[in-house]
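give me coordinates for this.
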Amino acid sequence: MSTYGKLLVLAAFALVLGFAEPVPAQTIIDEWSSIKAPPAPELKAVKVDPKTTALLMLDFVKQSCNEKVRPRCLATLPAAKKLLTEARANSMLVVYSIGARAGEQWSIVNCWRLATRSGCSACSGRSPDTSS
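The predicted structure is shown next:
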C-alpha cells in the first residue's frame, strides 16, 4: 500500500473516532451518579367526585410502617386518618392493599392505635376500623 493509501486509511480511522459516540454504560447503576432528577411537580388543589373516585390505602403494614424501619411513614398516619375519615364520610370507595412475602402474614397497621402509642394526639380516639 502506498503512503497515500496509508494516510487515507489513517484519516478515515481518525474521522470515525472523531464522530464516534461514547459507549453507553452497561447498567443503570453505572449511570446512577450522572442522572439528574426532574423538578418536583407543582402541587395543585383538586376537586374529587366520590362517586367516580377511589381512595387507595397502600402498604400500611406494621412490618414496614414503624419507628425502626420507616419513621416517616408513622408521621403520615394522622394525615392518612383524616383523608380516610373524609373519604368514608363522603361514601367514597376505599381500597386497601398490602404486600406479603411467601410464607408471611402481613397485617394492616391500625394506624390510630400505633400513632397514639407514639405520642400522636391527632390520632387519638377510636378508629372506624376494628382491625388490630
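
just for this structure, where's the confidence low?
Filtered on pLDDT under 70, the chain yields the residue ranges 1, 13, 15-25, 99-132.

let's go with 80 and repeat that
Residue ranges of the chain with pLDDT under 80: 1-26, 59-64, 97-132.

residue ranges for the helices of it, please.
Assigned by DSSP state H, the chain shows helices spanning 3-19, 28-31, 71-89, 111-117.

quick one: closest of those to residue 46.
When the helices of the chain are compared for distance to residue 46 using CB to CB, the nearest one is helix 71-89, at 12.7 Å. The C-beta positions use only the backbone N, C-alpha and C, and glycine is treated the same way.

what is the closest one packed up against?
strand 54-58, strand 93-97, helix 111-117 (3 or more CB pairs under 8 Å, 6 or more residues apart in numbering; DSSP states H and E).

angle of it against strand 54-58?
Counting by axes from the mean of the first three to the mean of the last three CA atoms, to 10 degrees, helix 71-89 lies at 150 degrees to strand 54-58.

orientation of helix 71-89 relative to strand 93-97 in degrees?
Counting by the same axes, to 10 degrees, helix 71-89 points 150 degrees away from the direction of strand 93-97.

now helix 71-89: buried residues?
73, 74, 77, 78, 80, 81, 84, 87 (16 or more other CB atoms under 10 Å).

mind listing what the first one touches?
Contacts of residue 73 were listed using CB atoms under 8 Å, 6 or more residues apart in numbering, and they are 60, 64, 65, 66.

which single one of those is nearest to residue 7?
The closest of the contacts of residue 73, once distances to residue 7 are taken by CB to CB, is residue 64, at 66.7 Å.

how about the nearest residue to that closest one, chain neighbours excluded?
residue 70 (5.7 Å; CB to CB, 6 or more residues apart in numbering).

how near is the one you found to residue 41?
23 Å (CB to CB, to the nearest Å).

residue 76 too?
18 Å.

the closest residue to residue 65 other than its chain neighbours and residue 38: what is the separation?
Leaving out its chain neighbours, the residue that sits closest to residue 65 by CB to CB, 6+ apart is residue 73, at 4.0 Å. Between residue 73 and residue 38 the distance is 24 Å, computed by CB to CB.

alright, that wraps it up for me.
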